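In: here is a sequence with its predicted model. Questions after.
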Amino acid sequence: MRKRYIPNPFGQVSRRRRPFAPQRRRAAVLVLVLVVFAVLSLLSLGLCHRVRLDLMRDRMQAEDLQSYYLALGGLQRAMAALAEGSQAQEEGPIDHFGSPWHLRTTAREEGFFQEQPPAWLSRTQLYYRVTDEEGRLNVNTSSPAGWMHLPSMTEPILYAIVDWQDTDDQACPQGAESVYYQRSPLRHAAKNAPITVIWELALVKDVAWPLLCGRNIGGGPSWTQSETGDMAGQAADADTGRPERGLIDYFTVYGDGKVNLNTADFEVLSSLPDIGTRTAQAIVGYRAGPDGVAFTPDDAHFKSFKQLARVPGLTPYHVELLEQYGTFGSTHFRIVSEATLRPGGRPCRLIATARRGQDGVKLVLIRRDS
């Protein structure tokens, strides 16, 4: 094939040159290398981020497992105290705040941690407490007429709980039955039977979770004397309106329905039929002893119903009522154990119910609340 020549306007003949192909190829290869390098960089950054997330997840799972077993150790400590209290009852089945089972302390305060523990253990916190289940109102057998003495209790909540327990489908004026619950997001029916577990109250109309559990369920450092059962009136959180104590602090599903007069708090005592606030305050004041301060060495407790006659302000009629509604010994206790491995870490809280009988102390129910 003959080469084509193009005339030059200046009178010279020149040959048309083709683009320089090797330079174009080198530029294309350079761009490809840069693209591959960018993709590999992104993949490396993504892999590093994924590895970092996996390491954080593994660390959180390890801390979660450690805090769980630490809380389980607090639970075992409380059960040991219950067993010790059972063996120490030489005066009969009498339970009060001076009994060995009444714990509201930390493992460090009891001296279970070494004086110079390892670094990870020095930041660990373990709190546990034991309260009397039968110092509360049995939600299945107590009279709803007295529930209005409980903090945060309203008539709609009261009637909703009654409708949840009764066997019919006729709702009270401010209550709720299956028709209401089937329209709710959960689409469940009213139980129409006695409550088996106290946490069922979360399914009842208007019983929100904060109202059920309160602000300091199980506590930790925020435990106060008002939570232990001898202070009248409970303040709410000024910011959220969440009550200091929830309904689970006043209700139980265990026991024969009688209330332990040695461990019931002011609100529970005043909720008993025809008892009233004056009688409840008289009992609480008698238990506090001469100094009027609860949980001090001069505290008193009841061993028999004859002692009720010594309480100033109690009439024979009130003594007769208390013999009908009250007792002095308990078989079921609530244990709360909370463990935290480091300040600001995620706590593990175990809430359990233990039954103390002739065959020892056994767990009836255990729930992890975190």
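Out: Arrived safely.

In: residue contacts, A208?
Out: A202 (CB atoms under 8 Å, 6 or more residues apart in numbering). Glycine gets a C-beta too; all of them are placed from N, C-alpha and C.

In: can you tell me how far it sits from G357?
Out: Per CB to CB, to the nearest Å, A208 is found 36 Å from G357.

In: shaky segments in the stretch 251-370 of the chain?
Out: Within the stretch 251-370 of the chain, the stretches with pLDDT under 70 are 370.

In: now the helices for it?
Out: 266-270, 276-288, 316-325 (DSSP state H, counting those that start in this stretch).

In: point out the most buried one among these.
Out: Highest mean neighbour count among the helices of the stretch 251-370 of the chain (mean count of other CB atoms under 10 Å): helix 266-270, with a mean of 24.

In: by contact count, what packs against it?
Out: helix 276-288 (3 or more CB pairs under 8 Å, 6 or more residues apart in numbering; DSSP states H and E).

In: residues contacting the residue nearest to S271 when sequence neighbours are not counted?
Out: By the measure of CB to CB, 6 or more residues apart in numbering, the closest residue to S271 outside its immediate chain neighbours is G146, 3.7 Å from it. Residues in contact with G146 (CB under 8 Å, 6+ apart) are L137, S270, S271, L272, P273, I275.

In: so who does the fifth one touch?
Out: Taking CB under 8 Å, 6+ apart as the contact definition, P273 lies against S143, A145, G146, L321, Y325.

In: and with 10 Å instead?
Out: Neighbour list for P273: S142, S143, A145, G146, L321, Q324, Y325 [criterion: CB atoms under 10 Å, 6 or more residues apart in numbering].

In: counting by contacts, list what whichever helix or strand R52 is part of packs against.
Out: Using DSSP states H and E, the element containing R52 is helix 21-87. With contacts taken as 3 or more CB pairs under 10 Å, 6 or more residues apart in numbering; DSSP states H and E, helix 21-87 sits against helix 119-122, strand 125-132, strand 332-340, strand 348-357, strand 360-368.

In: that one vs strand 348-357, what angle?
Out: 20 degrees (axes from the mean of the first three to the mean of the last three CA atoms, to 10 degrees).

In: and the next helix or strand past helix 21-87?
Out: That would be, after helix 21-87 and using DSSP H and E, strand 104-106.

In: what residues sit buried inside that next one?
Out: R104, T106 (16 or more other CB atoms under 10 Å).

In: what pairs with it, and is each one parallel or antiparallel?
Out: strand 125-132 (antiparallel) (DSSP bridges).

In: packing partners of whichever helix or strand comes after the partner strand?
Out: Using DSSP H and E, the next helix or strand after strand 125-132 towards the C-terminus is strand 137-138. Counting contacts by 3+ CB pairs under 10 Å, 6+ apart, strand 137-138 is packed against strand 251-252, helix 266-270.

In: wait, which of the helices of the stretch 251-370 of the chain is closest to L350?
Out: helix 266-270 (24.2 Å; CB to CB).

In: adding distance to R245, write the helices of the stretch 251-370 of the chain out as a markdown table.
Out: Formatted as a markdown table, the helices of the stretch 251-370 of the chain follow (distance: least, CB to CB, whole Å):
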| stretch | distance to R245 |
| --- | --- |
| helix 266-270 | 9 |
| helix 276-288 | 16 |
| helix 316-325 | 21 |
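
In: mind checking which of these is nearest D256?
Out: So among those, helix 316-325 is nearest, using CB to CB, at 11.1 Å.

In: what's in contact with the closest one?
Out: Contacts of helix 316-325 (CB under 10 Å, 6+ apart): 137, 142-143, 257-259, 261, 264, 269, 272-276, 278-279, 282-283, 302, 305-309, 311, 314-315, 326.

In: kindly report the same for stretch 72-80.
Out: 100-101, 103, 105-107, 110, 112, 126-130, 333-339, 348, 350-352, 354, 356, 360-363, 366.

In: hmm, try it at 6 Å
Out: Applying CB atoms under 6 Å, 6 or more residues apart in numbering, the external contacts of stretch 72-80 come out as L103, L126, Y128, V130, I335, S337, L350, A352, A354, V361.

In: pull the most distant pair out of the residues you listed.
Out: L126 and V361 (19.7 Å).

In: these two - which one has more neighbours?
Out: L126 (25 against 20; other CB atoms under 10 Å).

In: who's in contact with the more buried one?
Out: Taking CB under 6 Å, 6+ apart as the definition, contacts of L126 comprise L70, G74, A107, A339.

In: may I see these arranged in CSV, with distance to L158 and neighbour count as well?
Out: Compiled in CSV, these are given as follows (distance: CB to CB, whole Å; neighbours: other CB atoms under 10 Å):
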residue, distance to L158, neighbour count
L70, 39, 21
G74, 35, 24
A107, 40, 19
A339, 36, 27
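
In: closest one to V293 out of those residues, please.
Out: Using CB to CB, those come closest to V293 at A107, 26.2 Å.

In: how far away is the residue lying closest to that closest one once chain neighbours are set aside from T105?
Out: Take A107 and drop its neighbours on the chain: the residue closest to it by CB to CB, 6+ apart is L126, 4.0 Å away. According to CB to CB, L126 and T105 sit 10 Å apart.

In: now G357
Out: Taking CB to CB, one finds G357 at 25 Å from T105.

In: likewise for R50?
Out: For R50 relative to T105 (CB to CB), the value is 44 Å.

In: swap in D58?
Out: Counting by CB to CB, the separation of D58 from T105 is 33 Å.

In: do the same with S44
Out: From S44 to T105 the distance is 52 Å (CB to CB).
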